[in-house]
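Trainee: following is a predicted model, sequence given first.
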Amino acid sequence: MADIDKVSRSSLEDEEEKTALWPHSPEDNFAGATRPKEKWTQRRLLCINVAMLCFSLVILVLAGVLRYDPEYRGRNALLKKTSAYSPLFDELDIPLVTVQGSSFFDNSGFYLTTDQVIKLGKDPEQTVRSNEHPDLHIGIINGMHELHCLNVIRKNLHRDYYWPEGIRHPVHWIHLYHCVEVVVNALMCTGNMDVVTFNWMETQSAPFFDFSFNRVCRDFDRILEWQTEALSDMEDVHRVEGSRELQAPSILQALNAQRPEDRAFTHDDPAFVGIGL
């Protein structure tokens with residue numbers, strides 16, 4: 001009997017040793033197998049959170065620096081960052097507005113200081129100065145000149161109306177081609193990225209352009225208002241003895257040699273007089 005009890009006890013102990021090495025349930029087995037993966041996932045999430053925190057701190061610091069950076073504050077600060085130097089940015093506020101179109105405006109001048117001329121990258125010894133105010137120079141807003149050129153092109157589409165007696169001299173064509181180049185350069189330099197969509201339209205077999213979209217523009221009325229206030233007297237501009245002259249292009253030299261009476265940009269030609277309609 002004692003031997004039987006001993007054998008039973010020994011078998012039971014062996015069985016307990018074996019079962020001790022086995023998982024007690026499928027859940028225990030799954031938990032044991034996935035514990036290293038859980039630790040790795042937690043570590044990865046921690047790293048991601050730390051990285052996001054650092055990124056947020058960097059953005060916060062940059063925002064604070066830019067907020068108090070004089071280059072990003074003040075009048076028209078962002079426009080200055082995306083535009084070449086213009087004294088107008090320091091003279092008036094140019095809010096962004098939504099507009100439907102524009103009109104043709106005068107090509108008038110205004111006064112510039114010598115410091116402003118230098119900031120424009122120009123040589124103040126070569127620019128035209130005011131006779132009444134020798135310390136001031138004469139300039140125009142290029143956008144007005146571009147509108148003037150667009151109007152010159154428009155007039156040439158109705159040549160019989162504006163020049164019923166025909167074109168009087170070749171300088172007219174030089175001016176016209178110059179204006180075409182001015183408009184092309186303006187469009188390419190600006191690189192307008194507004195998006196045009198299409199509609200299906202009756203009588204049209206192909207998709208039709210929808211040009212009735214909103215534009216975000218500078219307040220052109222405010223620019224015109226400033227120009228009127230700052231307008232210089234262009235009668236104040238005339239050559240004086242000792243004025244520095246630049247060499248004329250060869251084509252203008254040749255034309256002037258043939259017909260001295262047809263100096264370039266003769267003011268009796270409607271193409272060269274403002275932009276009167």
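Mentor: Received the coordinates, thanks.
Trainee: measure the closest residue to residue 200 other than its chain neighbours to residue 213 for me?
Mentor: Among residues not flanking residue 200 along the chain, residue 207 sits closest, at 6.7 Å (Cβ to Cβ, 6 or more residues apart in numbering). Quick note: C-beta positions are derived from backbone N, CA and C, even for glycine. Residue 207 sits 15 Å away from residue 213, taking Cβ to Cβ, to the nearest Å as the criterion.
Trainee: quick one, what contacts the residue nearest to residue 200?
Mentor: 198-200 (Cβ atoms under 8 Å, 6 or more residues apart in numbering).
Trainee: tell me the pLDDT at it?
Mentor: pLDDT for residue 207: 96.
Trainee: same check, this time on residue 174
Mentor: Note for residue 174: predicted pLDDT of 86.
Trainee: now for the host helix or strand of it, which elements pack on it?
Mentor: Using DSSP states H and E, residue 174 falls within helix 171-190. Helix 171-190 is packed against helix 142-157, helix 250-258, with contacts defined by 3 or more Cβ pairs under 8 Å, 6 or more residues apart in numbering; DSSP states H and E.
Trainee: can you pull the buried residues of that helix?
Mentor: For helix 171-190, the neighbour count (16 or more other Cβ atoms under 10 Å) marks 171-172, 174-176, 179, 182, 186 as buried.
Trainee: quick check: can you list the domain ranges of the chain?
Mentor: Domains of the chain are assigned by automatic domain parsing as 34-73, 77-190+214-238.
Trainee: the helix or strand where residue 139 lies packs against which elements?
Mentor: Element membership for residue 139, per DSSP H and E: strand 136-140. Applying 3+ Cβ pairs under 8 Å, 6+ apart, we find strand 136-140 packed against strand 109-113, helix 114-119.
Trainee: ranking the helices and strands packed on helix 171-190 by burial, who's on top?
Mentor: Burial of these is given as mean neighbour count (mean count of other Cβ atoms under 10 Å); helix 142-157 ranks first at a mean of 17.
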